[in-house]
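Colleague: Would you be able to build a 3D model of this:
(3 chains, ligands or ions: 3)
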Amino acid sequence: MTDTITEIPVAPTAPEAPSPAAPPAPTAPAAPVFDVPLENAGIAHGLYRDGENISDTKAPPGDIQSKWTTRQFEAALVNPANRRKLTVIVVGTGLAGGSACATLGEAGYNVKAFCYQDSPRRAHSIAAQGGINAAKNYKEDGDSTYRLFYDTVKGGDFRSRESNVFRLASVSTNIIDQCVAQGVPFAREYGGLLDNRSFGGVQVSRTFYARGQTGQQLLIGAYQALERQIAAGTVEMNTRHEMLELVVVDGRARGVIVRDMVSGKVETHLADAVVLASGGYGNVFYLSTNAMGCNVTATWRAHRQGAYFGNPCYTQIHPTCIPVSGDHQSKLTLMSESLRNDGRIWVPKNREDCGKDPRDIAEEDRDYYLERIYPAFGNLVPRDIASRQAKNVCDDGRGVGPAIGDFRRGVYLDFTDALQRMSAEAVAEKYGNLLDMYQRITGENPYEVPMRIYPAVHYTMGGLWVDYDLQSNIPGLFVTGEANFSDHGANRLGASALMQGLADGYFVLPNTIRDYLSHGPYPKVEETDASVVAARTSVQARITKLLSINGERTVDSFHKELGHIMWEYCGMERSETGLLKAVDLIRGLKDEFWRNVKVLGSAEDLNQSLEKAGRVADFLELGELMCIDALHRRESCGGHFRVESQTDDGEALRNDDEFAYVAAWEWGGEEGMPVLHKEDLVYEYVHLKQRSYK
Amino acid sequence: MRCVATSTLPPSIQARRTTIAMKLVMAVSGSLFVLFVIAHMYGNLKMFGGQAAYDDYAHHLRTLGEPIAPYSGVLWIIRVVLLGSVLAHIYSAFYLWSRAQGARTTKYRMKKAAAATISARFMRWGGVALLLFLIWHILQFTTRTINVNGSHDSPYDNYVAAFQPSVWWVFVIYALAMVALAMHIRHGVWSATQTLGWTGNVRARRRANTLAITLAAVVSIGFILPAVFVLFGVIK
Amino acid sequence: MKITLKVWRQSGPKDSGGLATYELDDITEDMSFLEVLDVLNEGLITSGEEPVAFDSDCREGICGMCGLMINGSAHGPEVTTTCQLHMRSFSDGETITVEPWRADAFPVLKDLVVDRSAFDRIIQAGGFISVNTGAAPDAHAVPVPKENADKAFASAACIGCGACVAACPNASGMLFMGAKVTHLGLLPQGQPERDARVVKMVNQHDHEGFGGCTNIGECAAACPKEIPMDVISQLNKDLRTAMQHGR
Ligand SMILES: Cc1cc2nc3c(=O)[nH]c(=O)nc-3n(C[C@H](O)[C@H](O)[C@H](O)COP(=O)(O)OP(=O)(O)OC[C@H]3O[C@@H](n4cnc5c(N)ncnc54)[C@H](O)[C@@H]3O)c2cc1C
Ligand code: HEM
Ligand code: FES
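Modeller: Ligands and ions are numbered 1, 2, ... in the order given. Next up is the predicted model:
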């Protein structure tokens, strides 16, 4: 097997404990939630205030199966002759944006697209490895739209919207058809038909893949469709352009202010609607598996203009990444989780052994902690648990690998047993490319020395809040892909981000946006309009400010420090005291940033420090909101583990009574405090259940 | 600002104006040279058969196709085709050469070759060397404008006279030319198979390279051998 | 480790540029090459000098954004991308020369950053299959022999980094183009546009000012995704076939 399989068991296969929310069963895990503070610290410390509840008004009533067809029918049509007169701005041309641009272009709209890379082909989607889910049931193993829907809602730990997830599952099959027709070279069987594998711990084989490069192949497919429209003149592509502000006129999203990253020119682009497909914000942690340029600027600027930010604290942390090797590390590399199928995870029992050559540590001095704590699942426990336990043993001083500072961050992933059981050839056959990658990066030979792994930030489930139409609370502002708060609730299942990006871009947005566009063309906005001028002036003022501070510290040093704070206090495990401290630290850091950052060069030039500075400035604000969100959510769910909300034996304890809602945050102004709007989540089809892996 | 090239010409005509079409011209004309030099070399080996054999061969070249074709007719057809090929080959060579010059006007300060064979790197200057040699060769043996060591009626005598130790430098010229030829064939034959689209997998590529090396060796050694024997007085 | 970097500095497209020399200590073998440039830049900023501009994004060897000429080799001494090159491939005290990709079709924008949009325009000219969203038949309607699917995948693995052009003595983009033509030409879905595609793409390639190929093989040797010369052969064949069909 030469493939990179990224993701293994998650919620669905877990034996389930009866839900405390369901009719109280005597065997329910006793829920002595200890340590839960009586008062809500966020409110008590004046970090945020409550606002009115919100709800999605776009999903039509009726049976979940028919909602999408009903919505497609009810969404008004736009006369083909009028489409040319309607302009749509799309920021981001990854899977979500690229596919949307191509489809809108084919329909005949006038599309203006933007990305910060030198080509749309380089969006971060390119890095996805494992695969893409679709309920094709080609294996006739009992899969169906309903089952994919069910798995995704459960996998998301009951924090996503049923209507959206069902639609995602139902259009998943069209994605595969479309991609195959575009020439995406998915893996095939000898008979010439598409191959599938089981992924993310589900019992059915529904994952389509192209070796370990599924994201790349899907993106190239979307990119080619996009380039075709560029040639046809329907899409105007602006590469190396970064969106720095959203233009809102009379309450509607009407354009963006962008900076040409080569000439430094600040440009205004106006349109009838704006789509943000700008990806995730995992880089707020500085070190993550995200690409260097991934940023929150596009969505954060929209947030500041009034768009609600949904569940910002939901972050997915992937357990099998190559550990940090030194202070200068710029990025973390993911290794397929499939390695956990045959590798055994351990650390020394004694701290004194941590610096030793692992081969010299006797068997009885090793702690195979996952096998010890979770005998039923062993090394195959879900991502969040594997990640958290790795952190625990390292915090306990038993981490391995080079000490960074005075701390070793890493645990062994040992193939010794597998090598004895299966022979080196068989291991190479199955995991060769992964082991080679490991060797290239670390310089160590995994066939001889156990590998070292450590968790890393990988995906952000949070993002701008959107309704069933993928429209934010600002009319005319649509958000797709990882940039929206998405269909993944508190935890994303493997192979479902690619599915969501393409579902949004090819099939959902083009249908829903037309309802909005059918009321257009909207009144023409002049560049001299006060709101436009204000947006533009603020962008210019910010650039000037950043260049004029001329302090002592580099942008990266601030970013690293922010990342450190986020990782420490808003990473795998969060506590009230920690989060309160983090808010303080971030505020201090933000203050220092605006006094002491050093950005050289000029505004009218390719200036990478300036680009970074703008992004880090936004990350600082986002980081604070993430901590506030994490603080207010006094429950453990999905990737969010709150120390104060755990069972007696230290497992995550979800609190559906209090927290079965989406936290949609409203910007409270520079000096004000964010406002929390709750969207209650109602589960009509998939019943609330607690997970357990013991 | 560059844009997408648009052309109203039918695709087949557009295709003929591409650099790949130029390469096809080189490959086809080059292949004709290869066939020619193989035949030429085979003829030269008749030197080992003695004066009669060689002179007969030279004579036969001129009576080839008779009586349908006139005396020297086929030879002239071959000459015209070869001349046309030389012109086409040189034109495309210089076209691609100048394109390559224009495609990188700022040179690297440091550049290493990872795969280029010496032959591949010597293609252009080697080609020019062959052209100069070709002119010399025609002036010496075909038109006999240059007379090195006496002119004779018998081609055999001319050959023997040309490679006498007293005029050793003639041998040196030919030996160097054969090295150039070997190198040109080495890369040229491989390159032509690739240009013609016959090397779509590893095995085919390996075979093409083997063929190229073999032909290069056979032709260059085949050509120089009679001259060596003359030089050392074995053929008199 | 201690190293000396000779880095190409050029303030803008019109500047003539030159090599600047920087000494760095405290480099460890585990650092990636781009992290060394990060360290250099941190130092430069602190000392008030503008940092070196260079491109990178995924730093995982898949986006194709990075790409430097390192000691005369595209992406440096290993067969990988610049971002996946680690300092253990160099020796202590070494002098390393770093230049941008050089090709007139890839003009330098600043320091080590070049404009590779010519590649996008080649794709625009025909590097796609024309199928509108929603117009696709069921994915299983057309089986594809596994062998073809695998080979198509291998060609589609191209990351568009431009190392092939950078390494080619003719600055030709044939490996890039051949990879796309081979990928799409091997699939049944790619057949209807096959002739037109290759002609349009090659025309655009020539129009952009890339050189012609002379089958030297530097491109395939530099390709971090190890795309073989086969794809150029296929490209040539497809163009020849298109010429014949056109008659
Ligand atoms: C290592 C790795 C492996 C993964 N593996 C899988 C997997 O196997 N299966 C799966 O389903 N998911 C996987 N994921 C997740 C998945 O790849 C992403 O969530 C998804 O591709 C995001 O797509 P997107 O289109 O929303 O955003 P992106 O692909 O990130 O695109 C963002 C776009 O926005 C542009 N942009 C951003 N900010 C700005 C701005 N300010 N101005 C202008 N343009 C901007 C960028 O240029 C880019 O074009 C993986 C992720 C990682 C990191
Ligand atoms: C007259 C002087 C000549 C010049 C200037 C010349 C130049 C060139 C050049 C520049 C190339 C392309 C190089 C490359 O592909 O890397 C080439 C290719 C070739 N040459 Fe010549 N050449 C000459 C004579 C010859 C002769 C005498 C032969 C016969 C053996 C020959 C056979 C070939 C072949 C077979 C090719 C390969 C065509 C291809 O690349 O597809 N050439 N020549
Ligand atoms: S930065 Fe993406 S390939 Fe190197």
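Colleague: Look up how far residue B:84 lies from residue B:95.
Modeller: Residue B:95 sits 16 Å away from residue B:84, going by Cβ to Cβ, to the nearest Å. Every residue, glycine included, has its C-beta placed from N, CA and C.
Colleague: Counting neighbours, which bits of the helix ranked longest in chain A end up buried?
Modeller: When chain A is scanned for its longest helix (criterion: DSSP state H), the result is helix A:416-442. Neighbour counts over helix A:416-442 (16 or more other Cβ atoms under 10 Å in any protein chain shown) mark A:416, A:418-419, A:427-428, A:430-431, A:433-435, A:437-438, A:440-442 as buried.
Colleague: among those residues, which are within reach of chain C?
Modeller: With the criterion set as Cβ under 8 Å from any Cβ of the partner chain, the members of the buried residues of helix A:416-442 near chain C are A:440-442.
Colleague: tell me the least confident of the buried residues of helix A:416-442?
Modeller: Lowest pLDDT among the buried residues of helix A:416-442: residue A:430, with 74.
Colleague: Count the neighbours of residue C:161 for me.
Modeller: The number of residues packed near residue C:161 is 30, by other Cβ atoms under 10 Å in any protein chain shown.
Colleague: do the same with residue B:214
Modeller: For residue B:214, the neighbour count with other Cβ under 10 Å is 13.
Colleague: measure it to residue B:33 for me?
Modeller: 17 Å.
Colleague: And for residue A:639?
Modeller: On the measure of Cβ to Cβ, residue A:639 and residue B:33 end up 69 Å apart.
Colleague: element containing the residue nearest the centre of chain B?
Modeller: Ranked by distance to the mean C-alpha position of chain B (Cα atoms, centre = their mean), the top residue is residue B:33 at 5.0 Å. If you go by DSSP states H and E, residue B:33 is part of helix B:19-44.
Colleague: helices or strands up against that helix?
Modeller: Using 3 or more Cβ pairs under 8 Å, 6 or more residues apart in numbering or on different chains; DSSP states H and E as the contact test, the elements touching helix B:19-44 are helix B:51-63, helix B:73-103, helix B:168-195, helix B:202-231, helix C:194-207, helix C:230-246.
Colleague: now the nearest residue to residue A:641 once chain neighbours are set aside: how far from chain B?
Modeller: For residue A:641, ignoring the flanking residues on the chain, the nearest one in space by Cβ to Cβ, 6 or more residues apart in numbering or on different chains is residue A:573 at 5.0 Å. In this view, residue A:573 and chain B are 49 Å apart by Cβ to the nearest Cβ, to the nearest Å.
Colleague: right, and residue A:573 touches residue A:640 too?
Modeller: No: counting by Cβ atoms under 8 Å, residue A:573 sits too far from residue A:640 to count as a contact (9.5 Å).
Colleague: Have a look at these two and say which one is more surrounded.
Modeller: Between residue A:573 and residue A:640, counted using other Cβ under 10 Å, the more crowded position is residue A:640 (29 against 19).
Colleague: Could you pull up phi and psi at that one?
Modeller: Torsion angles at residue A:640 (phi, psi; degrees, to the nearest 10) stand at phi -100, psi 110.
Colleague: Please parse chain C into its domains.
Modeller: As recorded under automatic domain parsing, the domains making up chain C are C:3-110, C:116-244.
Colleague: Check chain A too.
Modeller: Taken from automatic domain parsing, chain A resolves into A:318-458, A:531-680.
Colleague: got any ranges where chain B has weak pLDDT?
Modeller: Residue ranges of chain B with pLDDT under 70: B:1-12.
Colleague: picking up where we left off before, now flag whichever of the buried residues of helix A:416-442 is closest to residue C:100.
Modeller: The shortest approach to residue C:100 among the buried residues of helix A:416-442 belongs to residue A:440, at 24.3 Å (Cβ to Cβ).
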